[in-house]
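Enquirer: Sequence first, predicted coordinates after that:
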Amino acid sequence: MNIEEFIRTIPNFPKEGISYKDITPLLQNPQALDFCVKKFAEKINTEVDVIVGIESRGYFFATLLAKHFNAGFVPIRKKGKLPYKTLQETYDLEYGQDILEIHEDAIKAGQKVLIHDDVLATGGTAKAACNLVERLGGEIIQCNFLIELSFLDGRKKLVPNKVNSLITY
């Protein structure tokens, strides 16, 4: 299956000069969803305790992967969206700066953690998520992305973590 057929590019969104990769058509197709989960799972050869999904489009596959691996799901959200005590991490986007948060009790020391988001661009968001997981004592086994924008070199920020992307532009 060619999952690129299910990705549509929206020019100049969310601002001028950015080509947004819209995964909505992929999410609407059960066969494409199943194919992606299987492709992600093929790259994991160890036990997984927790799948971390990064707000908001990272949640879609993170929850499906949590079910697949019989693992827990942990959301990482933008500042002010989580109701309990949190840890924070500031990060740079390709078009600004923001803060991510995780519940302070979301991951226990030594748990094996798979981090998932929809797009790896500059790597700022994913690096912030990695920092939060590591601050809680989690062991990152891999960072997963549906799409990688390789021309932005985000993968470099995630070294030494393993990175898996299904589509690379």
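Expert: Structure received.
Enquirer: Report the secondary structure element holding the residue nearest to the spatial centre of the chain.
Expert: Among the residues of the chain, the one closest to the centroid is Asp117, at 1.7 Å (C-alpha atoms, centre = their mean). Asp117 belongs to strand 112-120 when assigned by DSSP states H and E.
Enquirer: If you count contacts, what does that strand end up packed against?
Expert: Under the contact criterion of 3 or more C-beta pairs under 8 Å, 6 or more residues apart in numbering; DSSP states H and E, strand 112-120 touches strand 50-54, helix 58-69, helix 124-135, strand 139-148. No exception for glycine: its C-beta is placed from N, CA and C like everyone else's.
Enquirer: right, so the ones you listed: which one is the most enclosed?
Expert: strand 50-54 (a mean of 26; mean count of other C-beta atoms under 10 Å).
Enquirer: With just CA atoms, put that one into CSV.
Expert: Extracted as CSV, the C-alpha positions of strand 50-54 are listed here (Å, rounded to 0.1, in the frame of the first residue of the first chain):
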residue,chain,number,x,y,z
VAL,A,50,4.2,3.1,27.5
ILE,A,51,3.4,4.9,24.2
VAL,A,52,3.7,8.7,24.4
GLY,A,53,1.6,10.7,22.0
ILE,A,54,2.4,14.3,21.3
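Enquirer: pLDDT below threshold where in the chain?
Expert: Where the chain drops to pLDDT under 70, the residues are 93-96.
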